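In: Structure for this input, please:
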Amino acid sequence: MFEIALLDVVSFIRQGSAAIAGAGALFGLFFFSGGKKQLFRAIDQNTVIASVVYIVAWLVGWMIRVPAVAAHVGISLEPAIDDFARGYMVQWPLVIILAILVLTSRRGFARMPQAYNLSFFVVMSILISTYGVAASFGRQELSYILHGWHSILTLGTVVVLDYLFFASRNDRRQLAMLTETFSWFTVLIFVGLGLDWISTYFILPGALDASQRFFFVQTLIVIIVINGALLSGPLTRAASTYLSAQKKLPRNLHLGLGLMGVISLVSWVSITFLDFVQDIGLTYGQLATVYLLLIAGGFLTHLVIDGWPLGTKKIFRNL
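Out: Residues are numbered from 1 along each chain as shown. The predicted structure follows:
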């Protein structure tokens, strides 16, 4: 029915882990400068783990050398092999610097805040140079740069937000601080989505691939917009009302926030996965079915962590 090559998986992991590491470093800077020390420390492990995963995936990708890229909204272009190889040559020193940052922050980036500045710059440079390094600079290279950079603001931001929500679930004060930032997270996600659209429809209109995969991704984008509006609007206002009064969130509101987070996470992971797995060969209906099953599985996981139906909350309390 479909084919998934090792190179597709490696490219997906590289893009995803770099986006998460970049978003972690970006929000580490944001939380540190804003005096939100609890969130600053909470995000530390997320950033370090994502950086390590990227380094491993990058090394595997270097051995495979995969010259393929496709933009998130259905654009499909392949950079020249020379450009791809040139990108790896540019990235070698950047990856070494990132590895040094991880190795020297034995107690975490939170003990060395200045590392967030450098790590964000390094990861951002890695993302925009993956496919955007060519002998001459043009519209195609600009598209690759925007395509690589926006992942920090979209997929990376969503994963970081969900991670912080999970890490803050037993700390009402920390959860209140996180809720205050929801609107900013949503703004950045929409900015990233805008960069993605600019990099495709306005820069590479001739490479549009109007397939079922393309239309499914458009559906996901609509879902993301609606989901983001609900999360940053009425749900956030309701949560802020309870948390500002030092009250526990009602179960329905807590589950609603969890569901919105699952939908956002599954949507962006699906978009990024389809970005790199072009020969998946599934119809629109099949893609939608898998998407809904992933949401159901993610939400069920949220329920189990929250203690339903088997009283499992204590098991996850200290994770």
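In: Could you use CA atoms for every contact and neighbour count after this?
Out: Noted.
In: where do the strands sit along the protein?
Out: Listed in chain order, the strands found in the chain under DSSP state E are 69-70, 76-77.
In: mean pLDDT lowest for which of the ones you listed?
Out: Note on the strands of the chain: strand 69-70 shows the lowest mean pLDDT, a mean of 44.
In: would you list every one of the helices in the chain?
Out: Counting by DSSP state H, one finds helices in the chain at the ranges 6-33, 37-42, 44-64, 81-104, 114-129, 139-151, 157-167, 172-180, 182-197, 212-230, 236-244, 251-276, 284-305, 313-317.
In: Can you add mean pLDDT and mean neighbour count and give those back as a markdown table?
Out: Listed next are those as a markdown table, based on pLDDT from 0 to 100; neighbours: other CA atoms under 10 Å:
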| stretch | mean pLDDT | mean neighbour count |
| --- | --- | --- |
| helix 6-33 | 84 | 24 |
| helix 37-42 | 78 | 18 |
| helix 44-64 | 85 | 19 |
| helix 81-104 | 77 | 17 |
| helix 114-129 | 80 | 21 |
| helix 139-151 | 75 | 23 |
| helix 157-167 | 84 | 21 |
| helix 172-180 | 80 | 18 |
| helix 182-197 | 83 | 19 |
| helix 212-230 | 84 | 17 |
| helix 236-244 | 76 | 17 |
| helix 251-276 | 86 | 20 |
| helix 284-305 | 90 | 16 |
| helix 313-317 | 48 | 13 |
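In: Which residue, other than its chain neighbours, is closest to L231?
Out: Sequence neighbours aside, M260 is the residue nearest to L231 in space, at 6.6 Å (criterion: CA to CA, 6 or more residues apart in numbering).
In: Sorry, wrong one. I was asking about L220.
Out: Residue nearest to L220 in three dimensions, not counting chain neighbours: S267, with 6.0 Å by CA to CA, 6+ apart.
In: How about the contacts made by the one you found?
Out: Listed by CA atoms under 8 Å, 6 or more residues apart in numbering, the contact set of S267 reads 220-221, 223-224, 291.
In: So which of those residues is the closest to L164?
Out: Distances from L164 to these, taken as CA to CA, are shortest for I224 (19.3 Å).
In: related to what we said a few turns ago, roughly how far does the residue nearest to L231 sit from A229?
Out: 10 Å (CA to CA, to the nearest Å).
In: Likewise for L142?
Out: 29 Å.
In: repeat for T272
Out: As judged by CA to CA, T272 and A229 stand 21 Å apart.
In: just E180 next, same as before
Out: Distance, E180 to A229, by CA to CA: 15 Å.
In: repeat for T179
Out: In terms of CA to CA, T179 sits 14 Å off from A229.
In: if we look at stretch 114-123, which residues are touching it?
Out: With CA under 8 Å, 6+ apart as the test, stretch 114-123 has contacts from 18-19, 21-23, 25-26, 28-29, 94-95, 97-98, 101, 109.
In: what distance separates it from the middle of the whole chain?
Out: Computed by CA atoms, centre = their mean, to the nearest Å, the chain-centroid distance of stretch 114-123 equals 17 Å.
In: do stretch 54-63 as well
Out: Relative to the centre of its chain, stretch 54-63 is centred 18 Å away, using CA atoms, centre = their mean.
In: and if you look at stretch 241-249?
Out: 29 Å.
In: what's the first-to-last distance across it?
Out: Note: stretch 241-249 ends 9 Å apart using CA to CA.
In: With stretch 148-157 instead?
Out: With CA to CA as the measure, stretch 148-157 spans 14 Å from end to end.
In: Equivalent analysis for stretch 173-189, please.
Out: Between the start and the finish of stretch 173-189 there is a gap of 25 Å, counting by CA to CA.
In: Leaving out chain neighbours, which residue sits closest to V102?
Out: V102 sits nearest to V48 (CA to CA, 6+ apart), 6.3 Å away.
In: And the one you found, how far from Y116?
Out: Distance from V48 to Y116, by CA to CA: 10 Å.
In: now stretch 241-251, how far from the chain's geometric center?
Out: With CA atoms, centre = their mean as the basis, stretch 241-251 stands 28 Å off its chain's centre.
In: Fine, thanks again, bye for now.
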